[in-house]
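Novice: the following comprises the amino acid sequence and a computationally predicted model.
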2 protein chains.
Amino acid sequence: MEQLKERIRKEGRVLPGNIIKVDGFLNHRVDTKLMKDIASEFARYFDVGSITMVLTAEASGIALATICADQYGVPMVFAKKAKSDNIEGGLYQSEIFSYTYKKKVTQILSKEWLTASDRVLIVDDFMANGEAVRGLCDLVDQAGAELVGIGIAIEKGFQGGGDRLRGMGLNYRALAVIESADENGIVFRE
Amino acid sequence: MEQLKERIRKEGRVLPGNIIKVDGFLNHRVDTKLMKDIASEFARYFDVGSITMVLTAEASGIALATICADQYGVPMVFAKKAKSDNIEGGLYQSEIFSYTYKKKVTQILSKEWLTASDRVLIVDDFMANGEAVRGLCDLVDQAGAELVGIGIAIEKGFQGGGDRLRGMGLNYRALAVIESADENGIVFRE
């Protein structure tokens, strides 16, 4: 998606450790107009007319997922991070490793809001190691729901999360795949 | 806002400890159509034509704030929870007590995305003790920005956060104020 790549080129910053900051339009300050264009782009790749919900993980995926859900006319559901070990009943749970927090995190989702009859589009703003999305796929599996697709705005292609999902034959699409990011700038795949 | 109260009456559940669950439409599964109606209702009380941004706190305020920002044509900015004590520079910080996590939490916001020239509408889905909003007001103060108003979808009126803000003379509006919630049901103020 050329518009998104252009924003990353213009406004993204590369910090030491291959950290890519896009917090001016994606995940701290959010440009909702761009989110709508991203939602329209996902609609070219996924059968959004057939989905029953958009699923994401808290926190930074929520803004994009909300705009997508609104555009497709379905509810937006977000998996929460468990706040303690004392988890109540009636929940799906998935264990992921958070590279941001450098520890294991438990994603939880109420069984009321995801069932076997659901057709789910997973949306997230950013994919690096893919742990958050792996956890979301696991929640969809636990529910016996159907995974229609996985839409990601920006993928750090050099961290393997996206390639792993492609290798699994999932209907996965990232709109801007970053091949490398260092002091020489940002290079996109293809 | 009668439509919101009706949803709370129909779909809300009261759990022991005066916990009010509205996670079927507000803060776990999100009904974006209702969020748009809430955004329109806020526009009756606040001068949304003059604001430069909508500000909220992660995580559950993000969905409503995104829809509001989109409707008013401004960016949505969310304060983040600090992930460690090792906080980088260039950030406003506020200390709040999280009753959910039962510990102090530091809200952080990049100085790039909130400046003295901003006119800010704070939006959140839920107000109980008001700590999250108090922290957001503090961030606006630190920036020297102007606080145009504070819009909350649901206030737990019996926990004092909203009354404290009203007492401070702020332009504060909650669309459904719950006076009591127990085994006898949910009673709204006025």
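Specialist: Sure thing, it's come through.
Novice: pull the residues that contact the helix or strand containing A:T56.
Specialist: For A:T56, the host element (DSSP states H and E) is strand A:53-57. Residues from elsewhere that reach strand A:53-57, judged by Cβ atoms under 8 Å, 6 or more residues apart in numbering or on different chains: A:62, A:64-65, A:68-69, A:72, A:74-79, A:107, A:113-114, A:118-124, A:132-133, A:135-136, A:139-140, B:29. Yep, even glycine has a C-beta here, placed from its N, CA and C like the rest.
Novice: equivalent analysis for stretch A:131-143, please.
Specialist: Contacts for stretch A:131-143 (Cβ under 8 Å, 6+ apart): A:55-57, A:61, A:79, A:92, A:94-99, A:107, A:109, A:111, A:114-116, A:118, A:120, A:122, A:124, A:127, A:146-147, A:150, A:152, A:161, A:165, A:170.
Novice: so of the residues you listed, which ones are in helices?
Specialist: A:61, A:161, A:165 (DSSP state H).
Novice: and which of the residues you listed is nearest chain B?
Specialist: Distance to chain B across these (Cβ to the nearest Cβ) is lowest for A:G61, with 9.2 Å.
Novice: pretty sure the closest one is touching A:Q107, no?
Specialist: No. With contacts counted by Cβ atoms under 8 Å, A:G61 stays clear of A:Q107, the gap being 11.6 Å.
Novice: neighbour count: these two, which is higher?
Specialist: Applying other Cβ atoms under 10 Å in any protein chain shown to A:G61 and A:Q107 shows that A:G61 carries more neighbours, namely 29 against 25.
Novice: quick check: bridge partners of the nearest residue to A:L165 once chain neighbours are set aside?
Specialist: Distances taken as Cβ to Cβ, 6 or more residues apart in numbering or on different chains place A:Y172 nearest to A:L165, at 4.3 Å, with adjacent residues excluded. Under the criterion DSSP bridges, A:Y172 forms beta bridges with A:I150.
Novice: ok, A:Y172 - contacts?
Specialist: With the criterion set at Cβ under 8 Å, 6+ apart, A:Y172 makes contact with A:149-150, A:152, A:162, A:165-166.
Novice: each with direction, which strands does the strand holding A:T56 pair with?
Specialist: strand A:76-81 (parallel), strand A:119-127 (parallel).
Novice: output those strands as TSV; include the columns mean pLDDT.
Specialist: Putting the strands paired with strand A:53-57 into TSV (pLDDT from 0 to 100) gives the following:
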stretch	mean pLDDT
strand A:76-81	96
strand A:119-127	97
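Novice: closest one to B:K21 among the ones you listed?
Specialist: Among the strands paired with strand A:53-57, the nearest to B:K21 by Cβ to Cβ is strand A:76-81 (13.0 Å).
Novice: how near is the most centrally placed residue in chain A to chain B?
Specialist: The residue lying closest to the centre of chain A (Cα atoms, centre = their mean) is A:D124, at 1.7 Å. Distance, A:D124 to chain B, by Cβ to the nearest Cβ, to the nearest Å: 13 Å.
Novice: residues in chain A within reach of chain B, list them.
Specialist: A:23-24, A:28-33, A:35-36, A:53, A:58-60, A:62-63, A:66-67, A:69-70, A:75-78, A:80, A:83, A:100-101, A:109-110, A:112-113 (Cβ under 8 Å from any Cβ of the partner chain).
Novice: ChimeraX command to pick out the buried ones of these?
Specialist: Buried subset of these, written as a ChimeraX selection, criterion 16 or more other Cβ atoms under 10 Å in any protein chain shown:
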select /A:23,24,28,29,30,31,32,35,36,53,58,59,60,62,63,66,67,69,70,75,76,77,78,80,109,110,113
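Novice: now name the helix or strand holding A:A43.
Specialist: For A:A43, the element it lies in under DSSP H and E is helix A:32-45.
Novice: got the buried residues for that helix?
Specialist: Buried positions in helix A:32-45, judged by neighbour count with 16+ other Cβ under 10 Å: A:32, A:34-36, A:38-39, A:41-43.
Novice: and that helix, what's its mean pLDDT?
Specialist: Taken as a whole, helix A:32-45 has an average pLDDT of 98.
Novice: now the angle from that helix to strand B:76-81?
Specialist: Calculated by axes from the mean of the first three to the mean of the last three Cα atoms, to 10 degrees, helix A:32-45 forms an angle of 90 degrees with strand B:76-81.
Novice: quick one: average confidence on stretch A:66-73?
Specialist: For stretch A:66-73, the per-residue pLDDT averages 98.
Novice: roughly how far out does it sit from the chain middle?
Specialist: Relative to its chain's centre, stretch A:66-73 lies at 14 Å (Cα atoms, centre = their mean, to the nearest Å).
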